[in-house]
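Colleague: just coords:
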C-alpha cells in the first residue's frame, strides 16, 4: 500500500478528483431521490454544468426545445441517464489526454474506457448487479495507467520491453518491475477519491477477478467488459493482457463462453444509442 501511495504522490498533473461521482451514486441509491440535491451537487461546478447541457442538447437528446437548465434535463432524461452523462463528461476530462508511456494517443484511453463502461453496464443489468457501479467501474478501470505513466514518464518503456523478453502480460511485467500493477494503483486512487468499496475492489482486481474477496462478480464484469472493448476494435497503445482467468470470470457471472460474442454485438449496438460519447 505504501508503494502505491508513493506512485500516486509522485505523479504529476493528475486529473482533479471526480468527487461528485461517489456523492451522486449515494444520492441515486436513495428510493426517493430529491432532484434539488442532485441539481445542487452538479451545478457546484459551472464548467461541468455547461458541458452536461451541451450533451443534453446534442442531436441524441435534443427535444423540440433546448434544455435550459439541469432541472429540466433531469425531468426530460431521468436520473440514471443524467448520471451516465455526468460520469462520461468527467471520465473524458480525466482520461482524454495522451499517455506516451503506454503508447496511448489523445482520446484513445477515453474511447476504450467508455466502451468498457457500456459493456459492463449491459452485463450487470443481465446478471443482477448494480448497473451504475458497473458503468463507473468500466469507465475508470484503467485510471491507474495515468498514475504510472505520469509517475514514470520516459522509463515506462522498460516495462513494455519486459513483456517481450519474458512473454509476460502487462500486469505481470508491471508487478515484476514496480511491485504493483495499474489495476492496484487505480483501485487505491479511487479509494482516496471516496468511491464505494465494491467499485474500488472491482477496479483493483479487474485483471484477476477471482482474487476479489467480496465483489467478485462486479470485478468479473469489468474484466469481461475490458476484453469486449478490445475485441470490438476499441483497444489502444500497448495492451498486453492475459486471457487467463476468463473461465473463472464467466463462471462467477453464470455465463458461458459462447455468450461473449452476443455481448460484443450488444455492446456495439448499445454504443449507437450512447452518442454522448461523441458529444462529450
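Modeller: Nice, I can see it. Being a predicted model, the structure only gives us computed values, none of them experimental.
Colleague: which regions of the stretch 51-200 of the chain sit below the pLDDT cut-off?
Modeller: When residues are selected by pLDDT under 70, those of the stretch 51-200 of the chain lie in 59-64, 101, 153-155.
Colleague: just checking, residue 189 touches residue 142?
Modeller: No: between residue 189 and residue 142 there is no contact under Cβ atoms under 8 Å: 11.2 Å. Just so you know, the C-beta spots here come from the backbone N, C-alpha and C atoms, and that holds for glycine as well.
Colleague: now do the strands in the protein.
Modeller: Here the chain has no strands by DSSP state E.
Colleague: centre-most residue in it?
Modeller: Per Cα atoms, centre = their mean, the C-alpha nearest to the average position across the chain is that of residue 139, at 1.6 Å.
Colleague: need the contact list for that residue.
Modeller: Residues near residue 139 by Cβ atoms under 8 Å, 6 or more residues apart in numbering: 87-88, 91, 113-114, 116-117.
Colleague: now do residue 206
Modeller: Applying Cβ under 8 Å, 6+ apart, the residues contacting residue 206 are 137, 141, 183, 219, 222-223, 226.
Colleague: neighbour count for these - can I get that in a markdown table?
Modeller: Converted to a markdown table, the contacts of residue 206 look like this (neighbours: other Cβ atoms under 10 Å):
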| residue | neighbour count |
| --- | --- |
| 137 | 34 |
| 141 | 31 |
| 183 | 26 |
| 219 | 31 |
| 222 | 33 |
| 223 | 31 |
| 226 | 25 |
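Colleague: so which of those belong to helices?
Modeller: By the criterion of DSSP state H, membership of these in helices covers 137, 183, 219, 222-223, 226.
Colleague: who does the lengthiest helix in the chain touch, helix- and strand-wise?
Modeller: Using DSSP H, we find that the single longest helix of the chain is helix 108-127. Packing partners of helix 108-127 (3 or more Cβ pairs under 8 Å, 6 or more residues apart in numbering; DSSP states H and E): helix 79-95, helix 131-140, helix 216-231, helix 260-272.
Colleague: just to revisit the earlier point, what would the contacts of residue 139 look like in CSV with neighbour count and distance to residue 197?
Modeller: Below are the contacts of residue 139 laid out as CSV (neighbours: other Cβ atoms under 10 Å; distance: Cβ to Cβ, whole Å):
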residue, neighbour count, distance to residue 197
87, 23, 18
88, 26, 23
91, 26, 20
113, 27, 21
114, 26, 24
116, 30, 20
117, 28, 19
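Colleague: let me know the average pLDDT across stretch 232-243.
Modeller: Across stretch 232-243, pLDDT averages out at 67.
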